[in-house]
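Prediction below, plus the sequence it came from.
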Amino acid sequence: MAAVNGEWGYRAMTFRRLAVLDSRIVYAAVFLSILLPLWRPLGLSISVSQGTFDVYEVVDSLSQDDTVIVSPSFAPSSEAEVYPQMEAILRHLLARKARVAFVNLNVEGRMYAEKAMTTLAPEFGYNYGEDYVILPFTPGLETAVASISDDFLGTYERDAYGTPLTETGALAGIRSINDFALVVDFNTGDTTIYYIQHAKPRGIPVIAGASGVTVPYLTPYLATGQLSGLIGGLRGAAEYETAIDNPGMALAAMDAQSLSHASILALIGLGNAAYFLAKRDDARTTRRSRQSNGGELK
Amino acid sequence: MQQLTQICVLFSMLFAGIIYTRSYSRTGTMPIRRLPGLDSLDEAIGRATEMGRPIHFTTGTGGLVADTFAAFAVLEYVAKKTAQYGCTLIISNAQPLIHPITENIVRASYYAQGKPQSFKPGNIRYHSDSMQAYVSGVWGIMEREKVAANIMMGYFFAESLLLSEGGVRSGAFQVAGTASTPQLPFFVAACDRTLIGEELFAAGAYLTEDPVRIGALMAQDAAKIAAIAIILTGALASTVGLTM
Amino acid sequence: MKLTLASFLTLIAGVTVLADHFVVVPFINKTASTFIQWSVMLSAFSTALGGANILAVHTKRMSGKSANRGLSALLLGSMVTWLVIGLKLGMESQVYKFIWDNVYGSLSSTLFALNAFFVASAAYRSFRIRGIDTVILLVTACTVMLGRTGLGEAIYPGMPQVADWLMRVPNTAGMRGITIGGALGAISVSARVILGLERGYGGSERGMGVSGYDL
């Protein structure tokens, strides 16, 4: 009987070990699931969701008389997810010939604006100053948005390169935030909420591109109409690339995301199986010990 | 109409606050439901004291917002307890504006406990407002100084999971609290105890039993009932086709 | 005196900015606008305050006998180099952009990418089926995860719609509840700060404790 108990105890111990698997094994599984599709793409197709289509419609309704605020409020940490969204939407904005003002709520914003426009401006025939302008970094996050919404020209007298805004054709007709047709915020945090709180009440529609983790947080503002559109995560970027018929980096990375999600689900399944088996074997071991001790548990 | 609703909610809350604070001052009683997250602070401090290892406290990368003010009440409690038990308290700051405030709170708490000599300004550390640099700094503290407990209260962004997994790796007992809804799932998954949303704002009242804070908590409940009533009325009106 | 003056300034600034949101009175609107612009400047100045703090702490550590003084030297060296390049050559210089793309950007992305591994590790530990509620949680999480990928669509074409519905309806309901509760708490704390009732953050002049309560 002791041998049987030992065998059951050993099995329970193995399952228990599996239930608290070494983190490094989990990391390795996730790493491989990201790496493999980049080496051998699966080629899974993506359909465009209604949410992404709503954003597409808002952007598509703009004309060359419209000036739009684009706010790259993300950092290098979420660049992989949010930058493809920004590039896809900018591509669409530039195709509509809308003028663009980049508002930078964090230091990195200006770098992303420059990076995107270095590629896109020559492609769409955009000239700096005439068709788009990059504004300097404005610290303070919510207070910065409040300041911009309250007194746009008071907040910005010059662009990021020191040129007075009065000399930039892109902002020729702009006196206050009310003169903008749209705010597009690319965020990983609260910046969209700040635009909803301060710019939206002045009648400016706000749309957002957000990292996957921020989507549940912003979704409630869609139903109320405070947010006119939202694209979320890498999938949102891939959908937008599909919508504008310009496959880019997001579509290419979607396979890696698919497989990594699948690997996490498989790990959750494995963890649960191990947890159940360990629990079952523990119960058996306890029962057998009780039987061998004449009903008393030792 | 929207602004009118806002004004109504704001003023009803303020009046309820005044009325409740007065009634509380007269009766002196107000039952607050048990909040395991706050009860576990004592467990965390006790654990660290028994192990002879430090406690780490941080308010996240969020600025000087309401969550951070609520976190200051928790910090004050933790600082007083650590001063009382002679346990080391290390604070990591990501915002330069918050750094002098946390230093002020800890200094005052140590003085209040009659332990000014135990206060070490070097244990209150500013890292960077860049999330990555801040997280790296906190990881360094957790690994090098072998913290026994990690308390994270305030407004957090994507650093929530990075910090809490760092705490798991160093074997720290972890208590977190935030009203930042995108970060709550990470804290719930990785920490031992989590204060969800408004529970963080109740911390001051729960820990200190300060009449003003308890009165405000009661006002908060009254405003919540008012909010529910407004939501239900709005939903009903919208269902029958009435619009404002 | 110090605290009384601080509370008075807090009250004036808080009430003015709050009133600006509700009323159209040119004097109030203009003053609030000035206050907001001042706070933008204060935020900018606090960055310098942070830099000064780092300099003070790590210079002291370097001159002491700390085992980590090498790390402090490395930190200060990187900070000063980055600052000099930014000020001398400007953000548009090739050197600045090179360091940005190849050092700062890469390090930040790498650190953030660790989240993917940590999510997997945390999910492995915590997603255990212990009852009906955890079953619901697990099924919902799996559906949303699969619905956000091409794989989910390949398994069942309606998966993205189901995931969208879960995000729009049950998620929104829960989020609104937490957000409303949190916002009311935030209003309560902010009102106490504006009215000078929450002075814990200001410390105490006489060192008699912060809020004046005893354990």
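Done, it's in. Numbers count the residues shown, from 1 in each chain, chains lettered A, B, ... in the order given.

Please make it C-alpha for all contacts and neighbour counts, starting now.
Will do.

all helices in chain C, in order from the N-terminus.
In chain C, the helices defined using DSSP state H lie at C:2-22, C:26-63, C:69-89, C:94-99, C:105-126, C:132-147, C:150-155, C:159-166, C:172-194.

again but with chain A, I slipped
Going by DSSP H, chain A shows helices at A:2-19, A:23-39, A:50-60, A:79-95, A:107-124, A:142-150, A:152-155, A:191-198, A:215-218, A:220-223, A:233-243, A:249-292.

Identify whichever of these lies nearest to residue B:179.
The minimum distance between residue B:179 and those falls on helix A:215-218, with 11.3 Å, by CA to CA.

Centre of the chain to the closest one, how far?
Here helix A:215-218 is found 10 Å from its chain centre; the criterion is CA atoms, centre = their mean, to the nearest Å.

Summarise which helices and strands it is packed against.
helix C:172-194 (3 or more CA pairs under 8 Å, 6 or more residues apart in numbering or on different chains; DSSP states H and E).

quick one on the thing from earlier: of the helices of chain A, flag the one that's most buried.
For those, the largest average neighbour count (mean count of other CA atoms under 10 Å in any protein chain shown) is found in helix A:233-243, namely a mean of 26.

related to what we said a few turns ago, which of the helices of chain A has the lowest average pLDDT?
Lowest mean pLDDT within these: helix A:2-19, at a mean of 63.

just to revisit the earlier point, any chance of the helices of chain C in CSV with mean pLDDT, distance to residue A:182 and mean neighbour count as columns?
Output for the helices of chain C, formatted as CSV (pLDDT from 0 to 100; distance: least, CA to CA, whole Å; neighbours: other CA atoms under 10 Å in any protein chain shown):
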stretch, mean pLDDT, distance to residue A:182, mean neighbour count
helix C:2-22, 82, 22, 15
helix C:26-63, 83, 23, 17
helix C:69-89, 90, 33, 14
helix C:94-99, 87, 30, 14
helix C:105-126, 83, 29, 19
helix C:132-147, 88, 30, 16
helix C:150-155, 86, 31, 20
helix C:159-166, 90, 25, 18
helix C:172-194, 85, 25, 20
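
Dump those into CSV; add distance to residue B:235 as well.
Shown next, in CSV, are the helices of chain C (distance: least, CA to CA, whole Å):
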stretch, distance to residue B:235
helix C:2-22, 25
helix C:26-63, 34
helix C:69-89, 55
helix C:94-99, 53
helix C:105-126, 37
helix C:132-147, 26
helix C:150-155, 34
helix C:159-166, 20
helix C:172-194, 13
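
Now render the helices of chain A as CSV, adding distance to residue C:119.
Formatted as CSV, those follow (distance: least, CA to CA, whole Å):
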stretch, distance to residue C:119
helix A:2-19, 16
helix A:23-39, 10
helix A:50-60, 26
helix A:79-95, 16
helix A:107-124, 26
helix A:142-150, 29
helix A:152-155, 40
helix A:191-198, 24
helix A:215-218, 16
helix A:220-223, 24
helix A:233-243, 16
helix A:249-292, 8
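
Indicate which one of those is closest to residue C:29.
Using CA to CA, the helices of chain A put helix A:142-150 closest to residue C:29, at 8.9 Å.

wait, does that closest one make contact with chain B?
No - using CA under 8 Å from any CA of the partner chain, helix A:142-150 never reaches chain B; the gap is at least 9.8 Å.

List the contacts of that helix.
Residues outside helix A:142-150 that contact it (CA atoms under 8 Å, 6 or more residues apart in numbering or on different chains): A:105, A:138, A:155, A:176-177, A:191, A:194-195, A:198-199, A:202, C:33, C:36-37, C:39-40.

dump the residue contacts of residue A:216.
B:182, C:167, C:171-172, C:175.

Mind doing that once more with 10 Å?
Contacts for residue A:216 (CA atoms under 10 Å, 6 or more residues apart in numbering or on different chains) come out as A:232, B:181-182, C:167-168, C:171-172, C:174-175.

again, but for residue B:145
By CA under 10 Å, 6+ apart, residue B:145 lies in contact with B:53-56, B:90, B:139, B:170.

what's near enough to touch whichever residue of the stretch 51-200 of chain A sits closest to chain B?
The minimum distance from the stretch 51-200 of chain A to chain B, using CA to the nearest CA, falls at residue A:189 (6.6 Å). By CA under 10 Å, 6+ apart, residue A:189 lies in contact with A:73-74, A:210-211, A:213-215, A:217-218, B:62, B:156-158, B:180, B:182.

so what's the residue positioned nearest the centre of chain A up against?
The residue lying closest to the centre of chain A (CA atoms, centre = their mean) is residue A:211, at 1.4 Å. Contact partners of residue A:211, counting by CA under 10 Å, 6+ apart, are A:74, A:78-83, A:85, A:186-189, A:231-237.

repeat for residue C:104
Per CA under 10 Å, 6+ apart, neighbours of residue C:104: A:76-77, B:132-133, C:97-98, C:110.

Name the nearest of those relative to residue A:96.
Nearest to residue A:96 among the contacts of residue C:104 is residue A:76, at 28.1 Å by CA to CA.

so the closest one sits right up against residue A:187, yeah?
No - using CA atoms under 10 Å, residue A:76 makes no contact with residue A:187, being 11.6 Å away.

give me the element the residue nearest in space to the middle of chain B is part of.
Against the mean C-alpha coordinate of chain B, by CA atoms, centre = their mean, the closest residue is residue B:71 at 3.2 Å. With secondary structure defined by DSSP states H and E, residue B:71 is part of helix B:66-85.

Does that helix reach chain C?
Yes - using CA under 10 Å from any CA of the partner chain, helix B:66-85 reaches chain C at B:66-73, B:75-77, B:80-81, B:84.

will you turn these into TSV that also has pLDDT and distance to chain A?
Formatted as TSV, the residues of helix B:66-85 next to chain C follow (pLDDT from 0 to 100; distance: CA to the nearest CA, whole Å):
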residue	pLDDT	distance to chain A
B:66	87	13
B:67	91	14
B:68	93	15
B:69	90	17
B:70	91	19
B:71	94	19
B:72	93	21
B:73	91	24
B:75	95	24
B:76	92	26
B:77	93	29
B:80	94	32
B:81	95	34
B:84	94	37
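
what's the closest of these to chain C?
Minimum separation from chain C among the residues of helix B:66-85 next to chain C (CA to the nearest CA) is found for residue B:66, which lies at 5.0 Å.

Could you pull up the contacting residues of that closest one?
By CA under 10 Å, 6+ apart, residue B:66 lies in contact with B:72, B:154-155, B:179, B:201, C:182-183, C:185-191, C:193.

Residue A:42: how many residues sit nearby?
17 (other CA atoms under 10 Å in any protein chain shown).

Now do the same contact list for the nearest residue to it once chain neighbours are set aside.
Leaving aside its chain neighbours, residue A:42 sits nearest to residue A:255 (6.1 Å; criterion: CA to CA, 6 or more residues apart in numbering or on different chains). Each residue near residue A:255 by CA under 10 Å, 6+ apart is listed here: A:33-38, A:40-45, A:261, C:149-151.

ok, residue A:255 to chain B distance?
24 Å (CA to the nearest CA, to the nearest Å).
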